[in-house]
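S.K.: Structure for this input, please:
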Amino acid sequence: RSLYRRSLKLALDWAVQRNLWRGQAVYIRSLFDANRNINDPRHRRILFNETEKLLEKWKHPDPYRPPTAPGGSKYERNLPAPDLPPPSREFVKRL
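M.R.: Reported below is the predicted structural model:
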């Protein structure tokens, strides 16, 4: 995934409410826009590595997961019953 997207998701981990997160998202966008026109590959690599370090430094210990998403508190809570064939006649007679 892109650094920008990962930065936004990390900010959302720290501020789950969208109205608080929106200001941070605008600030993150301004930081990325400020470095948009850098064409030197070495300078880009340095910026990329610095951003990676910042993302790792600010990584949330308990990231936000939507409840029904994998890893969420409600994931696979009410699974539908499996679609099985009907029992055989011999099995029914034994009951």
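
S.K.: I'd like the distance between R94 and S88.
M.R.: Distance from R94 to S88, counting by C-beta to C-beta, to the nearest Å: 10 Å. Glycine gets a C-beta too; all of them are placed from N, C-alpha and C.

S.K.: sorry, that was for I28
M.R.: From I28 over to S88 (counting by C-beta to C-beta), the distance is 62 Å.

S.K.: relative to its centroid, which residue of the protein is most remote?
M.R.: Distance from the C-alpha centroid of the chain, by C-alpha atoms, centre = their mean, peaks at K93 (52.2 Å).

S.K.: now that residue, what's its secondary structure?
M.R.: State at K93, reduced to three classes by DSSP: H, G, I helix; E, B strand; the rest coil: helix.

S.K.: now it: how far from P85?
M.R.: Following C-beta to C-beta, the distance that separates K93 from P85 is 17 Å.
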